[in-house]
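Asker: everything below, folded, please.
(one chain, ligands or ions: 1)
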Amino acid sequence: MTARVIDGTAVARRVREEVGRGVAALVAAGGVAPGLATVLIGEDPASEVYVRNKRRLSVEAGMQDLHRHLPADADQATVAALVDELAADPAVSGILLQLPLPRHLDPDALIARIPAAKDVDGLTTANAGLLAQGRPGLRPCTPAGVMALLDEYEVPLSGAEAVVVGRSVLVGKPMAQLLLARNATVTVCHSRTRDLPEVCRRADVLVVAAGIPGLVGDDAVKPGATVIDVGIHRGEDGLRGDVEFDAAAEVAGAITPVPGGVGPMTIAMLLANTLTAARVQQGIGD
Ligand SMILES: Nc1nc(=O)c2c([nH]1)NC[C@@H]1CN(c3ccc(C(=O)N[C@@H](CCC(=O)O)C(=O)O)cc3)C=[N+]21
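Answerer: Next up, the predicted model:
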(Lines give C-alpha, C1' and ligand atoms only; values in the text may rest on other atoms or scores of the structure.)
Protein backbone atom coordinates (compact mmCIF):
# COMPACT_ATOMS: atom_id res chain seq x y z
CA MET A 1 0.00 0.00 0.00
CA THR A 2 1.26 3.45 -0.88
CA ALA A 3 -1.44 5.78 0.50
CA ARG A 4 -1.29 7.47 3.87
CA VAL A 5 -4.17 6.11 5.98
CA ILE A 6 -6.19 8.94 7.53
CA ASP A 7 -6.77 8.12 11.19
CA GLY A 8 -10.31 9.28 11.94
CA THR A 9 -10.32 7.57 15.31
CA ALA A 10 -7.36 9.66 16.50
CA VAL A 11 -8.64 12.96 15.08
CA ALA A 12 -12.10 12.31 16.56
CA ARG A 13 -10.55 11.69 19.97
CA ARG A 14 -8.72 15.02 19.81
CA VAL A 15 -11.91 16.84 18.76
CA ARG A 16 -13.85 15.25 21.62
CA GLU A 17 -11.14 16.23 24.12
CA GLU A 18 -11.32 19.79 22.85
CA VAL A 19 -15.12 19.73 23.21
CA GLY A 20 -14.67 18.41 26.76
CA ARG A 21 -12.44 21.39 27.58
CA GLY A 22 -15.04 23.71 26.03
CA VAL A 23 -17.78 22.20 28.17
CA ALA A 24 -15.67 22.69 31.31
CA ALA A 25 -14.98 26.29 30.30
CA LEU A 26 -18.69 26.94 29.72
CA VAL A 27 -19.56 25.61 33.18
CA ALA A 28 -16.66 27.53 34.77
CA ALA A 29 -18.00 30.71 33.16
CA GLY A 30 -21.32 30.24 34.96
CA GLY A 31 -23.08 28.31 32.21
CA VAL A 32 -24.87 24.98 32.28
CA ALA A 33 -23.46 21.75 30.83
CA PRO A 34 -24.89 21.16 27.33
CA GLY A 35 -27.72 18.64 27.17
CA LEU A 36 -28.00 16.30 24.20
CA ALA A 37 -31.39 14.72 23.53
CA THR A 38 -30.92 11.70 21.30
CA VAL A 39 -34.32 10.45 20.13
CA LEU A 40 -34.59 6.81 19.10
CA ILE A 41 -37.82 5.34 17.77
CA GLY A 42 -37.99 1.55 17.73
CA GLU A 43 -35.31 -1.12 18.02
CA ASP A 44 -33.20 -1.03 14.85
CA PRO A 45 -29.94 -2.71 16.02
CA ALA A 46 -27.59 -0.45 14.03
CA SER A 47 -29.36 2.69 15.29
CA GLU A 48 -29.18 1.37 18.85
CA VAL A 49 -25.40 1.00 18.55
CA TYR A 50 -24.97 4.50 17.10
CA VAL A 51 -27.19 6.13 19.72
CA ARG A 52 -25.45 4.28 22.54
CA ASN A 53 -22.08 5.57 21.27
CA LYS A 54 -23.37 9.13 20.95
CA ARG A 55 -24.73 9.03 24.50
CA ARG A 56 -21.56 7.53 25.97
CA LEU A 57 -19.26 10.01 24.25
CA SER A 58 -21.45 13.00 25.12
CA VAL A 59 -21.25 12.04 28.81
CA GLU A 60 -17.47 11.57 28.48
CA ALA A 61 -17.30 15.16 27.17
CA GLY A 62 -19.17 16.38 30.28
CA MET A 63 -22.60 16.78 28.71
CA GLN A 64 -26.00 15.77 30.07
CA ASP A 65 -27.49 12.68 28.46
CA LEU A 66 -31.16 13.52 27.85
CA HIS A 67 -31.91 10.44 25.72
CA ARG A 68 -35.51 9.55 24.86
CA HIS A 69 -36.83 6.31 23.46
CA LEU A 70 -40.26 5.57 21.95
CA PRO A 71 -41.58 2.21 20.74
CA ALA A 72 -41.48 1.33 17.03
CA ASP A 73 -45.25 1.80 16.73
CA ALA A 74 -45.29 5.36 18.15
CA ASP A 75 -47.47 7.49 15.87
CA GLN A 76 -46.56 10.77 14.18
CA ALA A 77 -48.42 12.91 16.74
CA THR A 78 -46.67 11.23 19.66
CA VAL A 79 -43.21 11.77 18.20
CA ALA A 80 -44.14 15.35 17.23
CA ALA A 81 -45.23 16.02 20.82
CA LEU A 82 -41.91 14.66 22.11
CA VAL A 83 -39.92 16.88 19.73
CA ASP A 84 -42.02 19.88 20.83
CA GLU A 85 -41.36 19.07 24.48
CA LEU A 86 -37.59 18.89 23.87
CA ALA A 87 -37.74 22.08 21.81
CA ALA A 88 -39.27 23.93 24.75
CA ASP A 89 -36.99 22.44 27.44
CA PRO A 90 -34.13 24.83 28.33
CA ALA A 91 -31.98 21.89 29.55
CA VAL A 92 -31.95 20.52 26.00
CA SER A 93 -29.20 22.18 23.93
CA GLY A 94 -29.41 19.80 21.00
CA ILE A 95 -31.95 17.39 19.52
CA LEU A 96 -30.80 14.45 17.43
CA LEU A 97 -33.60 12.46 15.81
CA GLN A 98 -31.90 9.20 14.87
CA LEU A 99 -32.61 8.22 11.26
CA PRO A 100 -33.96 6.18 9.59
CA LEU A 101 -37.36 6.30 11.31
CA PRO A 102 -39.90 3.47 11.10
CA ARG A 103 -41.62 3.65 7.71
CA HIS A 104 -44.98 4.95 8.96
CA LEU A 105 -43.37 8.18 10.23
CA ASP A 106 -42.65 11.28 8.12
CA PRO A 107 -39.09 12.39 8.97
CA ASP A 108 -39.29 15.77 7.20
CA ALA A 109 -42.33 16.88 9.21
CA LEU A 110 -40.59 15.89 12.45
CA ILE A 111 -37.26 17.53 11.59
CA ALA A 112 -39.20 20.71 10.76
CA ARG A 113 -40.31 20.89 14.43
CA ILE A 114 -36.70 21.05 15.68
CA PRO A 115 -35.71 24.68 16.37
CA ALA A 116 -32.75 25.66 14.17
CA ALA A 117 -30.78 26.60 17.31
CA LYS A 118 -31.08 23.00 18.62
CA ASP A 119 -30.60 21.29 15.25
CA VAL A 120 -27.23 19.68 16.03
CA ASP A 121 -27.57 17.42 12.97
CA GLY A 122 -27.79 20.51 10.70
CA LEU A 123 -30.78 19.01 8.89
CA THR A 124 -33.44 21.71 9.20
CA THR A 125 -34.35 23.87 6.23
CA ALA A 126 -33.05 26.90 8.11
CA ASN A 127 -29.57 25.45 8.67
CA ALA A 128 -29.41 24.02 5.14
CA GLY A 129 -30.28 27.49 3.83
CA LEU A 130 -27.64 29.18 5.97
CA LEU A 131 -25.03 26.74 4.62
CA ALA A 132 -26.18 27.33 1.04
CA GLN A 133 -25.79 31.08 1.62
CA GLY A 134 -22.39 30.67 3.28
CA ARG A 135 -23.64 32.09 6.57
CA PRO A 136 -22.90 30.74 10.07
CA GLY A 137 -25.15 27.92 11.28
CA LEU A 138 -25.07 24.34 12.53
CA ARG A 139 -23.53 22.10 9.86
CA PRO A 140 -24.40 18.45 9.18
CA CYS A 141 -22.04 16.30 11.24
CA THR A 142 -20.68 13.91 8.61
CA PRO A 143 -19.59 16.51 6.03
CA ALA A 144 -18.29 18.73 8.85
CA GLY A 145 -16.24 15.75 10.03
CA VAL A 146 -14.83 15.24 6.54
CA MET A 147 -13.75 18.89 6.42
CA ALA A 148 -12.05 18.50 9.82
CA LEU A 149 -10.13 15.46 8.53
CA LEU A 150 -9.04 17.29 5.36
CA ASP A 151 -7.82 20.22 7.47
CA GLU A 152 -6.07 17.99 10.01
CA TYR A 153 -4.15 16.32 7.16
CA GLU A 154 -3.53 19.70 5.49
CA VAL A 155 -5.15 18.69 2.20
CA PRO A 156 -5.14 21.77 -0.05
CA LEU A 157 -8.65 22.77 -1.09
CA SER A 158 -8.44 26.20 -2.70
CA GLY A 159 -8.49 25.69 -6.46
CA ALA A 160 -8.45 21.89 -6.06
CA GLU A 161 -10.70 19.58 -8.08
CA ALA A 162 -13.17 17.98 -5.67
CA VAL A 163 -15.61 15.29 -6.74
CA VAL A 164 -18.48 14.25 -4.46
CA VAL A 165 -20.23 10.98 -5.28
CA GLY A 166 -23.75 11.16 -3.83
CA ARG A 167 -26.27 13.98 -3.50
CA SER A 168 -28.14 13.21 -0.27
CA VAL A 169 -29.45 15.98 1.96
CA LEU A 170 -27.53 14.42 4.87
CA VAL A 171 -24.11 14.19 3.20
CA GLY A 172 -23.60 14.81 -0.54
CA LYS A 173 -25.22 18.22 -0.92
CA PRO A 174 -23.82 19.83 2.24
CA MET A 175 -20.42 18.24 1.46
CA ALA A 176 -20.35 19.94 -1.93
CA GLN A 177 -21.29 23.28 -0.36
CA LEU A 178 -18.62 23.06 2.35
CA LEU A 179 -15.95 22.27 -0.27
CA LEU A 180 -17.21 25.11 -2.45
CA ALA A 181 -17.00 27.49 0.51
CA ARG A 182 -13.29 26.58 0.70
CA ASN A 183 -12.82 27.45 -2.97
CA ALA A 184 -12.59 23.94 -4.37
CA THR A 185 -13.91 23.31 -7.88
CA VAL A 186 -16.73 20.91 -7.04
CA THR A 187 -18.41 18.26 -9.19
CA VAL A 188 -21.34 16.30 -7.77
CA CYS A 189 -21.93 12.80 -9.21
CA HIS A 190 -24.89 10.47 -8.76
CA SER A 191 -26.56 7.36 -10.12
CA ARG A 192 -27.15 8.92 -13.56
CA THR A 193 -23.63 10.26 -14.00
CA ARG A 194 -22.15 9.03 -17.27
CA ASP A 195 -18.79 7.26 -16.88
CA LEU A 196 -18.41 7.71 -13.14
CA PRO A 197 -14.77 6.49 -12.97
CA GLU A 198 -13.77 9.03 -15.59
CA VAL A 199 -15.29 11.92 -13.64
CA CYS A 200 -13.81 10.64 -10.35
CA ARG A 201 -10.33 10.46 -11.90
CA ARG A 202 -10.34 14.27 -12.18
CA ALA A 203 -10.47 14.58 -8.41
CA ASP A 204 -7.68 15.80 -6.18
CA VAL A 205 -10.19 15.20 -3.38
CA LEU A 206 -12.71 12.39 -3.90
CA VAL A 207 -15.55 12.06 -1.37
CA VAL A 208 -17.69 8.97 -1.83
CA ALA A 209 -21.09 8.98 -0.12
CA ALA A 210 -23.21 6.87 -2.44
CA GLY A 211 -24.27 4.09 -0.07
CA ILE A 212 -23.16 1.36 -2.51
CA PRO A 213 -20.51 -1.06 -1.22
CA GLY A 214 -17.33 -1.03 -3.28
CA LEU A 215 -18.72 1.39 -5.88
CA VAL A 216 -15.38 3.16 -6.33
CA GLY A 217 -12.33 1.14 -7.36
CA ASP A 218 -8.75 2.00 -8.33
CA ASP A 219 -9.87 2.91 -11.88
CA ALA A 220 -11.68 5.93 -10.34
CA VAL A 221 -8.71 7.33 -8.41
CA LYS A 222 -6.15 9.79 -9.73
CA PRO A 223 -2.63 8.94 -8.53
CA GLY A 224 -1.94 10.87 -5.32
CA ALA A 225 -5.58 11.87 -4.73
CA THR A 226 -7.14 12.10 -1.27
CA VAL A 227 -10.01 9.58 -1.03
CA ILE A 228 -12.67 9.96 1.67
CA ASP A 229 -15.05 7.02 2.12
CA VAL A 230 -18.33 7.96 3.82
CA GLY A 231 -20.02 4.59 3.12
CA ILE A 232 -20.56 2.06 5.89
CA HIS A 233 -21.95 -1.40 5.21
CA ARG A 234 -22.23 -4.39 7.53
CA GLY A 235 -21.24 -7.61 5.75
CA GLU A 236 -20.45 -11.14 6.93
CA ASP A 237 -16.77 -10.26 7.19
CA GLY A 238 -17.22 -6.96 9.08
CA LEU A 239 -17.65 -3.36 8.00
CA ARG A 240 -16.77 -1.99 4.58
CA GLY A 241 -17.24 1.27 2.73
CA ASP A 242 -18.19 2.54 -0.73
CA VAL A 243 -14.52 2.35 -1.81
CA GLU A 244 -12.48 -0.78 -2.64
CA PHE A 245 -9.94 0.12 0.02
CA ASP A 246 -7.04 -2.19 -0.88
CA ALA A 247 -7.10 -1.36 -4.58
CA ALA A 248 -7.68 2.39 -4.12
CA ALA A 249 -4.90 2.61 -1.51
CA GLU A 250 -2.38 1.53 -4.18
CA VAL A 251 -3.19 4.67 -6.19
CA ALA A 252 -4.35 7.30 -3.70
CA GLY A 253 -2.06 9.65 -1.77
CA ALA A 254 -4.24 9.44 1.33
CA ILE A 255 -7.38 7.45 2.13
CA THR A 256 -9.83 6.93 4.99
CA PRO A 257 -10.45 3.37 6.25
CA VAL A 258 -13.82 1.88 7.23
CA PRO A 259 -14.10 1.54 10.16
CA GLY A 260 -11.89 4.18 11.75
CA GLY A 261 -12.29 6.96 9.19
CA VAL A 262 -15.31 9.23 8.80
CA GLY A 263 -17.62 7.36 11.23
CA PRO A 264 -15.96 8.46 14.49
CA MET A 265 -15.75 12.03 13.14
CA THR A 266 -19.54 12.15 12.70
CA ILE A 267 -20.01 11.68 16.45
CA ALA A 268 -17.20 14.09 17.34
CA MET A 269 -18.81 16.83 15.23
CA LEU A 270 -22.21 16.12 16.81
CA LEU A 271 -20.63 16.90 20.18
CA ALA A 272 -18.95 20.01 18.77
CA ASN A 273 -22.30 21.19 17.40
CA THR A 274 -24.00 20.52 20.75
CA LEU A 275 -21.39 22.65 22.55
CA THR A 276 -21.79 25.42 19.96
CA ALA A 277 -25.59 25.30 20.35
CA ALA A 278 -25.34 25.49 24.15
CA ARG A 279 -22.96 28.45 24.01
CA VAL A 280 -25.23 30.38 21.67
CA GLN A 281 -28.34 29.56 23.73
CA GLN A 282 -26.63 30.62 26.96
CA GLY A 283 -24.90 33.62 25.43
CA ILE A 284 -21.52 32.55 26.86
CA GLY A 285 -18.27 32.43 24.85
CA ASP A 286 -17.86 31.08 21.36
N1 LIG B 1 -30.05 11.82 12.62
C2 LIG B 1 -29.00 11.08 12.31
N3 LIG B 1 -27.76 11.64 12.35
C4 LIG B 1 -26.66 10.89 12.05
O5 LIG B 1 -25.53 11.39 12.08
C6 LIG B 1 -26.85 9.52 11.71
C7 LIG B 1 -28.15 9.01 11.68
N8 LIG B 1 -29.19 9.81 11.99
N9 LIG B 1 -28.38 7.73 11.32
C10 LIG B 1 -27.31 6.83 10.98
C11 LIG B 1 -26.07 7.55 10.50
C12 LIG B 1 -24.81 6.74 10.61
N13 LIG B 1 -23.97 7.45 11.57
C14 LIG B 1 -22.75 6.97 12.02
C15 LIG B 1 -22.18 7.42 13.18
C16 LIG B 1 -21.02 6.86 13.67
C17 LIG B 1 -20.39 5.84 13.00
C18 LIG B 1 -19.16 5.23 13.58
O19 LIG B 1 -18.70 5.57 14.64
N20 LIG B 1 -18.59 4.25 12.90
C21 LIG B 1 -17.42 3.53 13.36
C22 LIG B 1 -17.72 2.05 13.53
C23 LIG B 1 -18.85 1.78 14.49
C24 LIG B 1 -19.31 0.34 14.39
O25 LIG B 1 -18.52 -0.55 14.71
O26 LIG B 1 -20.47 0.14 13.98
C27 LIG B 1 -16.30 3.65 12.33
O28 LIG B 1 -16.61 3.89 11.16
O29 LIG B 1 -15.16 3.49 12.71
C30 LIG B 1 -20.93 5.40 11.83
C31 LIG B 1 -22.10 5.96 11.34
C32 LIG B 1 -24.62 8.56 11.99
N33 LIG B 1 -25.81 8.69 11.40
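Asker: identify the residue of the stretch 1-150 of the chain closest to the ligand, quick one.
Answerer: Closest approach of the stretch 1-150 of the chain to the ligand (Cβ to the nearest ligand atom) occurs at L99, with a separation of 3.8 Å. For the C-beta atoms, the positions are set from N, CA and C on the backbone; glycine is no exception.
Asker: what residues are up against the residue nearest to that residue when sequence neighbours are not counted?
Answerer: With sequence-adjacent residues excluded and distances taken as Cβ to Cβ, 6 or more residues apart in numbering, L99 is closest to P107, at 6.2 Å. P107 makes contacts with 97, 99-101, as judged by Cβ atoms under 8 Å, 6 or more residues apart in numbering.
Asker: separate out the buried members of those.
Answerer: Neighbour counting with 16 or more other Cβ atoms under 10 Å marks 97, 101 as buried within those.
Asker: out of the contacts of P107, which is nearest to G214?
Answerer: Taking Cβ to Cβ as the measure, G214 sits nearest to P100 out of those, at 22.1 Å.
Asker: and the residue of the chain found nearest the ligand, what element?
Answerer: Nearest residue of the chain to the ligand: G263, at 2.3 Å (Cβ to the nearest ligand atom). Using DSSP states H and E, the element containing G263 is helix 262-282.
Asker: what residues does the protein have near the ligand?
Answerer: Contact residues, the chain versus the ligand (Cβ under 6 Å from any ligand atom): 49-50, 53, 96-99, 121, 141, 232, 258-260, 263-264, 266-267.
Asker: go again with 8 Å.
Answerer: 8-9, 46-47, 49-50, 53-54, 96-100, 121, 123, 140-142, 170, 232, 234, 239, 257-264, 266-267, 270 (Cβ under 8 Å from any ligand atom).
Asker: can you say which of the residues you listed are buried?
Answerer: Using 16+ other Cβ under 10 Å as the burial test, the residues of the chain next to the ligand include 8, 47, 50, 54, 96-98, 121, 123, 140-142, 170, 232, 257-258, 260-264, 266-267, 270 as buried.
Asker: strands - which of those residues land there?
Answerer: Members of those lying in strands (criterion: DSSP state E): 96-97.
Asker: so R240 makes contact with G214?
Answerer: Yes. Using Cβ atoms under 8 Å, R240 makes contact with G214 at a distance of 7.0 Å.
Asker: ok, those two, which is more surrounded?
Answerer: A side-by-side neighbour count of R240 and G214, using other Cβ atoms under 10 Å, places R240 first with 19 against 15.
Asker: pLDDT weak spots in the protein?
Answerer: Along the chain, the parts satisfying pLDDT under 70 run over 286.
Asker: rerun at 50
Answerer: Applying pLDDT under 50 to the chain flags no residue at all.
Asker: which residue lies nearest the spatial centre of it?
Answerer: The chain has T142 as the residue nearest its centroid, 1.7 Å off, counting by Cα atoms, centre = their mean.
Asker: for the nearest residue to the residue of the chain closest to the ligand once chain neighbours are set aside, what are its contacts?
Answerer: Nearest residue to G263, sequence neighbours excluded (Cβ to Cβ, 6+ apart): I232, at 6.0 Å. By Cβ under 8 Å, 6+ apart, the residues touching I232 are 239, 241, 258-259, 263.
Asker: how about 10 Å then?
Answerer: I232 is in contact with 46, 211, 213, 239-242, 258-259, 261-263, 266, counting by Cβ atoms under 10 Å, 6 or more residues apart in numbering.
Asker: which two of these have the greatest separation?
Answerer: So, the contacts of I232 by Cβ to Cβ: farthest apart are P213 and T266, at 18.4 Å.
Asker: show me where the stretch 51-200 of the chain has helices.
Answerer: 76-88, 107-111, 125-132, 141-152, 172-181, 196-200 (DSSP state H, counting those that start in this stretch).
Asker: could I get these as TSV with distance to A278?
Answerer: As requested, these are arranged in TSV below (distance: least, Cβ to Cβ, whole Å):
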stretch	distance to A278
helix 76-88	14
helix 107-111	20
helix 125-132	16
helix 141-152	16
helix 172-181	22
helix 196-200	39
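Asker: closest one of the contacts of I232 to A77?
Answerer: A46 (26.4 Å).
Asker: doesn't G263 make contact with the closest one?
Answerer: No. Taking Cβ atoms under 10 Å as the definition, A46 is not a contact partner of G263, at 11.7 Å.
Asker: grab the longest strand from this protein for me.
Answerer: strand 35-41.
Asker: that one: partners in the sheet, and parallel or antiparallel?
Answerer: Applying DSSP bridges to the sheet, strand 35-41 is found paired with strand 64-65 (parallel), strand 68-70 (parallel), strand 94-97 (parallel).
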